[in-house]
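Chemist: any chance you can model this:
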Amino acid sequence: MVRRTLVGWAFLAPLVAYLLLCYGYPLLTTLDLSLRDYTVRTFVHGGAPITGLANYATVVTDPVFRTALLNTVVFTAVSLVFQYTIGLALAVFFSRNFRLSATLRALFLVPWLLPLIVSASTWAWMFDSEAGVVNAALAVFGVDRVHWLTSPDWSLVSVIVANVWIGIPFNLVVLHSGLQNIPAEVREASALDGASPWQAFRHVTFPMLRPVSAVTLLLGLVYTLKVFDLIWIMTRGGPSGSSTTLATWSYELGFGSTLPRFGPSSAVGNVLILLAVAAGLVYVRVQRRQEAS
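Modeler: Take a look at the predicted model:
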């Protein structure tokens, strides 16, 4: 019995070491940074005084916090809705297994495979006010020039569009796999009962897809909350903070100014972690309710 226990811990040791090194240590370091008054000197040599929750109070009372939090919620919610809706529609479309469906489905993975810096730079060029192809296409229909990246009214919309484009392939792949796992007998039974395609999807297919949908939305939520590089490359959170999210604000506080503020930057990062953990807890609770029912 003791030998079996030791063997089990021997197999678990690499995983535990990985989690402690790659997740535990950075998390504790970020927590320590948020509870101290760090400067460049104390960050290198140590000795930063403990300030408790002062950094969190500074962040919450900052006027930028409300804007960044609202932008984060809007950016995340709108991105998830469109990514999931379009991804589900494409998954249903490709589930018919017509000729070249596999090839076309593979082509849809291109946005997901490209480096984010390439995708963000491409979308920044497309949304350019002077030479962008989006304004050129709109001009054909008589629409005036839109300042996508430099207007407070359109900057957040621009980064949402780019993020939706990047996230659709992930939703397509996962939801398509979920559709493939639904027994064909269930669909045939609904068709024999006289259900229309829409009725069969609404009352049969979609309910059976809920577990996969929940995982897809949760992973998409966690990923979208921490999106930084896309927004930073396209708009740098501007203009006037109109596209600033908690992720970009955290970076700007810590590294985007001449006087780094490591404490408040870490505090904003921990707020993002709490939001992600809260989403995970909601997912676990919903899953338990579904299993109980």
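Chemist: find the residue at the geometric middle of the chain.
Modeler: residue 224 (1.4 Å; Cα atoms, centre = their mean).
Chemist: does it touch residue 80 like I think?
Modeler: Yes. Assessed by Cβ atoms under 8 Å, residue 224 is found in contact with residue 80 at 6.4 Å. For the C-beta atoms, the positions are set from N, CA and C on the backbone; glycine is no exception.
Chemist: in the chain, where is pLDDT below threshold?
Modeler: 1, 291-293 (pLDDT under 70).
Chemist: any chance you could map the strands in the stretch 151-293 of the chain?
Modeler: Using DSSP state E, counting those that start in this stretch, no strands are assigned anywhere in the stretch 151-293 of the chain.
Chemist: now the helices for it?
Modeler: Remark: helices assigned in the stretch 151-293 of the chain by DSSP state H, counting those that start in this stretch are 155-180, 184-192, 197-200, 206-208, 210-225, 229-234, 246-255, 262-292.
Chemist: OK, contacts around residue 260?
Modeler: Residue 260 sits next to 39, 40, 43, 253, 254 when contact means Cβ atoms under 8 Å, 6 or more residues apart in numbering.
Chemist: hmm, back to that, got a markdown table for the helices of the stretch 151-293 of the chain, with distance to residue 15 too?
Modeler: Output for these, formatted as a markdown table (distance: least, Cβ to Cβ, whole Å):
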| stretch | distance to residue 15 |
| --- | --- |
| helix 155-180 | 24 |
| helix 184-192 | 38 |
| helix 197-200 | 43 |
| helix 206-208 | 33 |
| helix 210-225 | 20 |
| helix 229-234 | 29 |
| helix 246-255 | 28 |
| helix 262-292 | 19 |
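Chemist: so which of those helices comes closest to residue 23?
Modeler: helix 262-292 (10.8 Å; Cβ to Cβ).
Chemist: elements contacting that closest one?
Modeler: helix 25-34, helix 54-61, helix 63-94, helix 210-225, helix 246-255 (3 or more Cβ pairs under 8 Å, 6 or more residues apart in numbering; DSSP states H and E).
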